[in-house]
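Asker: test case, fold it:
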Amino acid sequence: MSDVSAQPTTGIQPDDADSLARFTTLCLGGTAGRLVSANSSQEIVQKVQEAQGRDEPVLLLAGGSNVVIGDEGFTGTVVLIRSRGLEVVAEDPETVTVRVEAGEPWDDLVAATVANGWSGLECLSGIPGSTGATPIQNVGAYGQEVAETITGVQVYDRREDALLRVAAPNCGFAYRSSIFKYSDRWAVLSVDFRLNRSPLSGPVRYAELARSLGVAVGDRVPLAAARETVLRLRAGKGMVLDPADPDTRSVGSFFTNPVLDQAAYELFLQRAEEFGEPPAWPGAGDVVKISAAWLIDRAGFGKGHPGPNGVAISSKHTLALTNRSGNARTADLVVLAREIRDGVHDRFGVTLHPEPVLVNCAV
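Answerer: Numbers count the residues shown, from 1 in each chain. Below is the predicted model of the structure:
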């Protein structure tokens, strides 16, 4: 299993010290067969090699904000990624390239880049998780994706027992995907980002963000203003971790936005005709991305829609499924996810796919 994004969980803490729910923002998941920590790239490689030497499966977990772990847990070795730090490895008058350890908390990195006047990550503020997870998922929000700034990813190739640097063109970056996702082969050790030396953000591409900033799409704003506004927007949707807010006991967006070819899009428009023009974004190759949140809401699953045993759609955002009670099981979350997926398909003929990594469970 690949690395998954994460920060240590917030809120409810299970009594079982080996419970993986302690390390997921959903506060869900069974126990680990073996639980070890790795505080450096060298230790990550060492712990993986030791587990493989025992013929044990390995799960690399930096904290759990983009993973759903089944109630049976994980029978092999779970390696908690706790490496930290960043260093400048190249620079010129216009750009700076920083190498960031896999376990460095993502939002700490974004805050540091904004403080240093380095542009390129500011619209990714407030996303929970580790830096090493971002290339796996090709993390994106508010008009930015990490694929735009990553120049390379340092990995341990478990199949070849070798340390490699995978250049960005070879990472297979796509919408919320890469060659690293759903692969047992790679352990991400560090990531290189090339950022612009600028006090201003990149061009604001996301209409909601532009409105909140009071600028036109395509304008640039001070880095701090972009970061502060993104943090405020995310917090309003329950997308910034807060122990006092049960809506943040989630993995953020549970489903990806569907990408349809033209024929499928035309069929979708026919079934959605009564709702008017749905939000859509044309993409390369004659495809169209549509809004999963819109689909969920129009299929009858509004904010706060309940599932069994205290799981529910967030009261702030229809894309987030939450363990609001703190007493649910992963199986309960899966029931709700399947209900939503099947309801959307029945109504619109479109299939939703989970965004988080699923470990010993399936939707």
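
Asker: may I ask which helix or strand encompasses L269?
Answerer: Counting by DSSP states H and E, the element that carries L269 is helix 262-271.

Asker: and this structure, what are its domains?
Answerer: 20-81, 86-236, 246-359 (automatic domain parsing).

Asker: run through who's touching the helix holding L269.
Answerer: Defining contact as Cβ atoms under 8 Å, 6 or more residues apart in numbering, one finds that helix 262-271 is touched by L260, P278, A280, D286, V287, V288, I290, R347, F348, G349, V350. (C-beta placed from N, C-alpha, C; glycine too.)

Asker: pull the residues that contact stretch 160-172.
Answerer: Counting by Cβ under 8 Å, 6+ apart, residues outside stretch 160-172 touching it are 45, 49, 135, 147, 150-157, 178-180, 189.

Asker: can you pull the buried residues of whichever helix in the chain runs longest?
Answerer: Criterion DSSP state H: the longest helix present in the chain is helix 330-348. For helix 330-348, the neighbour count (16 or more other Cβ atoms under 10 Å) marks 330, 332-337, 340-341, 343-344, 347-348 as buried.

Asker: gap between that helix and the chain center?
Answerer: Centre-to-centre, helix 330-348 and its host chain are 20 Å apart (Cα atoms, centre = their mean, to the nearest Å).

Asker: for stretch 189-206, what is the average pLDDT?
Answerer: Average pLDDT, stretch 189-206: 97.

Asker: hmm, I typed the wrong one, I wanted stretch 288-306.
Answerer: For stretch 288-306, the mean per-residue pLDDT is 97.

Asker: with stretch 48-65 instead?
Answerer: For stretch 48-65, mean pLDDT is 94.

Asker: first-to-last residue distance for that stretch?
Answerer: 21 Å (Cα to Cα, to the nearest Å).

Asker: and what of stretch 313-331?
Answerer: The straight-line separation of the ends of stretch 313-331 (Cα to Cα) is 15 Å.

Asker: equivalent analysis for stretch 320-336, please.
Answerer: With Cα to Cα as the measure, the first residue of stretch 320-336 is 11 Å from its last.

Asker: mind giving me the packing neighbours of the helix or strand of the chain with the lowest mean pLDDT?
Answerer: In the chain, no helix or strand scores lower on mean pLDDT, DSSP states H and E than strand 280-283, which sits at a mean of 91. When contacts are defined as 3 or more Cβ pairs under 8 Å, 6 or more residues apart in numbering; DSSP states H and E, strand 280-283 packs onto strand 287-290.

Asker: now for G307, how many residues are close by?
Answerer: Using other Cβ atoms under 10 Å, G307 has 23 neighbouring residues.

Asker: same check, this time on the one 10 residues further on
Answerer: By the measure other Cβ under 10 Å, the count of residues near H317 is 21.

Asker: and it, which of the three is it?
Answerer: coil (DSSP: H, G, I helix; E, B strand; the rest coil).
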